[in-house]
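A.B. asks: Using only what follows, build the 3D model:
(one chain, ligands or ions: 2)
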Amino acid sequence: MAPNTTLWPILGAGSMGCLLACMTPQPASFLLRPGQSAPNHIIYTNDQREHQVTLGSLPDRHPPLSHLILACKTYDTQAALEPWLPIIAPDCQILCLQNGMGHEERILPLLPKAQILYASMTHGAYRLAPFSVFHAGQGQLLFGNGHPTPSTPWQQLCSEQWAIHWRADIHTLLWHKLAVNAVINPLTALSGETNGQLLQQPRLQAWLLPLCREIESVLITLSIPLPQQGLQQLVGQVAQATSANRSSMLQDRQAKRRTEVDAILGHLLRQGQLHGLQLPTCSWLAQQLQILPAGKFLTPWPLPPG
Ligand SMILES: NC(=O)C1=CN([C@@H]2O[C@H](COP(=O)(O)OP(=O)(O)OC[C@H]3O[C@@H](n4cnc5c(N)ncnc54)[C@H](OP(=O)(O)O)[C@@H]3O)[C@@H](O)[C@H]2O)C=CC1
Ligand SMILES: CC(C)(CO)C(=O)C(=O)O
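C.D. replies: Numbers count the residues shown, from 1 in each chain. Ligands and ions are numbered 1, 2, ... in the order given. Below you'll find the model as predicted:
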């Protein structure tokens, strides 16, 4: 079925969903929770300007959705998709903006023929109010599905203005992002420290080498090229570049929200188990993230296991 490119359906009207709705070349249309309705525009704000972006809406009778942007948290994927299954084409192309990996495990049980597209999103955004988004960090959206070039409608989404680019090597990029997140996010989320403190505090620094070694062992086993400079070096660069940031996982814990640990460390641990790898450091951190009450931090900060 030819994708309908006059509308961009987005499932999840949070920070990322609203930001994407400002970036699509034709109007976006939100798929909301049953019973909710969207206004006819959203408000985009950044440091310099504020403006309204018109939203579209799906007509009462329309062909099954041939493409969809998924912008809910990883753990909400199934519940969010379920009510919309009757209007989604079985072979729908679904662009996942979500952090972490394991999108297939969440989507394919509901839509076995869906075609998944992967994204590495470094634009930062938060909601000022429902349907009002603040674009906090100008980053880029790199996406792809392993093919060298995008097909319809995805080539229309590519944009210099918004730094949205198709990448043939998206899987390697995603693994490198996952690897960095699997180090920075749990260490900061459990210690309560900013990203930069990982390079400042010797007790936190002591975790970097064992953790990076374990994660590199997963990449090597899966034949994913290692970051050129080595994982620990890459983690150091990202922590330095985002030194004042509180990681998304730390923010989730401070706000007493569920974290996306399962899509990050959980995915690594499942891959490790599948391939008979021992990942004691990853495993310990994932366990602590499950048991430590929200808003509480590990004090004194421990030495790595083993
Ligand atoms: N924010 C950022 O800067 C970045 C976020 N990401 C990733 O993007 C993904 C989304 O994050 P973000 O936008 O921040 O999250 P938000 O919590 O802001 O948005 C998630 C949205 O999903 C909606 N939702 C949840 N369950 C359902 C459901 N059953 N049906 C319909 N809608 C539902 C929520 O609705 P409701 O509001 O009603 O709960 C909310 O609007 C995450 O994986 C995150 O890691 C990646 C890079 C940067
Ligand atoms: C790169 C990093 C660690 C920046 O904070 C991030 O992606 C996150 O917080 O999830």
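A.B. asks: show me where pLDDT drops low in the stretch 1-150 of the chain?
C.D. replies: By pLDDT under 70, the low-scoring segments of the stretch 1-150 of the chain are 1-5.
A.B. asks: neighbours around the residue in it positioned nearest to ligand 1, how many?
C.D. replies: Per C-beta to the nearest ligand atom, Gly14 is where the stretch 1-150 of the chain lies closest to ligand 1, at 1.7 Å. Every residue, glycine included, has its C-beta placed from N, CA and C. For Gly14, the count of nearby residues is 16 (other C-beta atoms under 10 Å).
A.B. asks: what about it, distance to Ser132?
C.D. replies: Taking C-beta to C-beta, to the nearest Å as the criterion, Gly14 is separated from Ser132 by 12 Å.
A.B. asks: how near is Trp154 to Ser66?
C.D. replies: Here the criterion is C-beta to C-beta. By it, Trp154 lies 12 Å from Ser66.
A.B. asks: Please disregard the earlier target; I meant Leu199.
C.D. replies: In this structure, Leu199 and Ser66 are separated by 46 Å, where distance is defined by C-beta to C-beta.
A.B. asks: Of those two, which one has the most company?
C.D. replies: Between Leu199 and Ser66, counting by other C-beta under 10 Å, Ser66 is the more crowded of the two (19 against 14).
A.B. asks: Just the C-alphas of the strand or helix carrying the more buried one, formatted as PDB.
C.D. replies: Using DSSP states H and E, the element containing Ser66 is strand 65-70. What follows is the C-alpha trace of strand 65-70 in PDB, where atoms were taken according to Å, rounded to 0.1, in the frame of the first residue of the first chain:
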ATOM      1  CA  LEU A  65      -2.000   3.600   8.600                       C
ATOM      2  CA  SER A  66       1.000   2.700   6.500                       C
ATOM      3  CA  HIS A  67       3.500   4.700   8.600                       C
ATOM      4  CA  LEU A  68       3.600   5.800  12.200                       C
ATOM      5  CA  ILE A  69       5.900   7.500  14.600                       C
ATOM      6  CA  LEU A  70       6.100   5.900  18.100                       C
END
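A.B. asks: Describe which strands it pairs with in its sheet and in which direction.
C.D. replies: Sheet neighbours of strand 65-70, with direction, are listed as strand 8-11 (parallel), strand 88-96 (parallel) (DSSP bridges).
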